[in-house]
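J.: Need coordinates for the following:
(chains A, B, C and D)
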Number of protein chains: 2
Amino acid sequence: MDISERKKKILAAVIEEYIETAEPVGSKTLAETAGLGCSSATIRNELAELVAMGYLEQPHTSAGRVPTVEGYRLYVNELMARQQLSDEEILRLTDELDQCLAQMDGLAADVGRLASQMTNLPAMAITAPRAVTITRFDFIYVDANTFIMVLLLSDSTVKNKLVRLPISVEQTKIEKLSTLCNANFTGLTTAEITPILISATERALDDVMGLTAVAASFAIEALVQSAQPRMTVAGQNKLLEHPEFQNPETAQSLMNYLNQLPREFPELMAEDTGVKVFIGPENVSEALRDSSVVLATYDAGAGVRGIVGVVGPTRMDYAMVASKMQMIAETISQAMIGGQKPPLGMDTKLMLRGDESHE
Amino acid sequence: MDISERKKKILAAVIEEYIETAEPVGSKTLAETAGLGCSSATIRNELAELVAMGYLEQPHTSAGRVPTVEGYRLYVNELMARQQLSDEEILRLTDELDQCLAQMDGLAADVGRLASQMTNLPAMAITAPRAVTITRFDFIYVDANTFIMVLLLSDSTVKNKLVRLPISVEQTKIEKLSTLCNANFTGLTTAEITPILISATERALDDVMGLTAVAASFAIEALVQSAQPRMTVAGQNKLLEHPEFQNPETAQSLMNYLNQLPREFPELMAEDTGVKVFIGPENVSEALRDSSVVLATYDAGAGVRGIVGVVGPTRMDYAMVASKMQMIAETISQAMIGGQKPPLGMDTKLMLRGDESHE
DNA sequence: TGCTGGCACTCTGTATATCTGAGTGCTAAT
DNA sequence: ATTAGCACTCAGATATACAGAGTGCCAGCA
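T.: Below you'll find the model as predicted:
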């Protein structure tokens, strides 16, 4: 069955009104607010048909109409106008992002915080790094009992560790360790740094102090850590602001879910880019069946992908949320790919200076 | 006025009962459960006196009694028996701590998570580092356009940064930069690294590329970052489990407070060591007036102090919470001071190995 | 054929009245 | 001092009445 233009208009009006008020919306208010030139009776007829078509429903015989999942879905897919962000918002957004891009490590947390702040909803952020190897080992000899290990990873991040030894060791030994590590352990994945390889290295170094073991275990730790997606949840308090979570049980179950998310997030991992909206039961997880999730995927360069998303009531301002999430994702992608990786190297001001002097 | 032994017993019984049930407790239940050999009428008389003394109160004429702040205070100070932790709990605790001590950086977050988990309450953790200086600069030359800066700070942490240059630079230049930085910027606080000093260094290096600026700004950034206390909040979802936060508004205001805590936490900073209990209005912050806070201070070595605390209803199991917090604080202190700083260097297993070979 | 005004009907949420029971304070007896 | 007993109080639960928002449908109108 086809859906007429007017029905679409009415459906959109119902949804937008419901998003604002969280109350079932009736024919009368629609006739007054939405500017379609017809009376409440006509609208009632249309509403009845929209109910029959499955886009709306009534909580009970004499209440207004409430959107169904199908209604929201239609709205999100076809009807809603993606909101234009105000200049002020865009400014604020880029500003905040600049700050949080300053340190790569806190990225997940900061992006999440940002998304939560902008949408007034709880947000989660995941950075999903790809498999990584060690590009280069360096050992800085501090004193006879101390050296610093520095690892350059293939994704251009650097890890370090201060190592204190219970007994002294000569600098030449450390230098030899460096040569061996660079020869034996670079370019390898976690699995490829085998105990056999380690003990071979140990023999080559004539290592009685376990130096190789320190180096190797730190290398593996760094690789594992990099391979581990960082996940954070921010702004849980925002949940309680929405009337559908006034019931403490509902709120609690969702918060509990969010708090244990890190362990089972993979289901959320969208494969392709862009903004995705999951409405109510469209969510895989049981705990999200009464909520909606908006996810945006961003590209952090070097094949690294991240996800930032928010959770809220099915009645959420999809237009607003979706456009903000898209904006966040795009800005991050641009900053991290287009911007020649400012977070890793130097600040842009300096970059410019360098460019000028090169000119 | 003096408080008799029996009154103390009754007060403790009331509080313990109330902690369990969250309901005003009456004379009859008291006569039955608490094993003091007297009838409900006697207890009624005693209760009336306890009310007069300010340790208990009645929500209304014909309800049971509820502890007042003074009642809780007396209980916490004198009456409660610090709970003995079970072996299983101790084991679990030390186990978890071992894991989270592995990386210093996540310490605040992990300690918070741990405290929250063990007490079933929202927890916050703060690491408060003292002022720090740079002990040593190292520059690792990767290729003509890239080098890694490594800073060893006076608190034995290491910071690093990968620097990508828009134009090439010779290794000798980097080496000279290293010498100059070590000469000019080590041992200084943020304030002491002045623009004058920086530009002097710039001239000495004949620096047209802004290398000095990169180095200096990273140095300052590292110092500032170290000086910034790390604060986290964990387990906010636990809040909703307690009946006093069933009212969404109460819960929300407290959660909002917790979420913005990082900006105004200093008031919480207890000056001296040990476990502290703040009951209801004893808290400085308005938002905490209806809740209680239990704080434990731990010593992370090198003068670094941290705080871990939980927030909950005034009706909380002080005995349980206080002993667990104390345990957490003690374990961390021991691990970080007694244990020769395992988080910074090598794992203990290795340490032992080293010791043996030295023997 | 499609729109509209009108009317009877339905149903929830709120307000009001009633009831129940836990718990008290007090008094008189031990 | 302690206890048993009794009348009293008050919050919370249950039941009832009420108002209002919204519907469905019918009959009249363009």
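
J.: mind listing what the residue in the stretch 151-300 of chain A positioned nearest to DNA strand C touches?
T.: Of all residues in the stretch 151-300 of chain A, the one sitting closest to DNA strand C is residue A:243 (11.9 Å; C-beta to the nearest atom of the strand). Quick note: C-beta positions are derived from backbone N, CA and C, even for glycine. For residue A:243, the contacting residues are A:22, A:313, by C-beta atoms under 8 Å, 6 or more residues apart in numbering or on different chains.

J.: Please confirm that residue A:249 is located within a strand.
T.: No: when the secondary structure is assigned by DSSP: H, G, I helix; E, B strand; the rest coil, residue A:249 falls in helix instead of a strand.

J.: ok, it to residue A:121 distance?
T.: Here the criterion is C-beta to C-beta, to the nearest Å. By it, residue A:249 lies 19 Å from residue A:121.

J.: neighbour-wise, which of the two wins?
T.: For residue A:249 against residue A:121, the residue with the higher neighbour count under other C-beta atoms under 10 Å in any protein chain shown is residue A:121, and the figures read 27 against 10.

J.: Name the SS class of the more buried one, please.
T.: Secondary structure of residue A:121, per three-state DSSP, is coil.

J.: can you give me the strands for the stretch 101-250 of chain A?
T.: A:123-128, A:134-143, A:146-153, A:158-164, A:230-234 (DSSP state E, counting those that start in this stretch).

J.: Over to the stretch 251-359 of chain A?
T.: Secondary structure of the stretch 251-359 of chain A by DSSP E, counting those that start in this stretch: the strands cover A:274-279, A:291-299, A:305-313.

J.: Switch the ones you listed over to a markdown table; also include distance to residue B:22 and mean pLDDT.
T.: Formatted as a markdown table, the strands of the stretch 251-359 of chain A follow (distance: least, C-beta to C-beta, whole Å; pLDDT from 0 to 100):
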| stretch | distance to residue B:22 | mean pLDDT |
| --- | --- | --- |
| strand A:274-279 | 37 | 88 |
| strand A:291-299 | 29 | 90 |
| strand A:305-313 | 29 | 90 |
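
J.: now chain A, which segments are flagged as low pLDDT?
T.: Under the criterion pLDDT under 70, the flagged ranges of chain A are A:1, A:82, A:98-107, A:129-130, A:262-272, A:301-303, A:337-359.

J.: any idea how far residue A:156 lies from residue B:163?
T.: Counting by C-beta to C-beta, the gap from residue A:156 to residue B:163 is 11 Å.

J.: Comparing those two, which residue is more hemmed in?
T.: Neighbours were tallied for residue A:156 and for residue B:163 using other C-beta under 10 Å; the higher tally belongs to residue B:163 (21 against 18).

J.: Walk me through the domains of chain A.
T.: Segmentation of chain A into domains, based on automatic domain parsing, reads A:5-79, A:87-129+A:229-338, A:134-227.

J.: check whether the first one contacts DNA strand C.
T.: Yep, that's domain A:5-79 we're talking about. Yes: contact between domain A:5-79 and DNA strand C, assessed by C-beta under 7 Å from any atom of the strand, occurs at A:37-42, A:44-45, A:59-63.

J.: residues from chain A in reach of DNA strand C?
T.: Chain A comes close to DNA strand C at residues A:37-42, A:44-45, A:59-63, as judged by C-beta under 7 Å from any atom of the strand.

J.: Tell me which two of those sit farthest apart.
T.: Spatially, the most separated pair among the residues of chain A next to DNA strand C is A:37 and A:60, at 29.8 Å (C-beta to C-beta).
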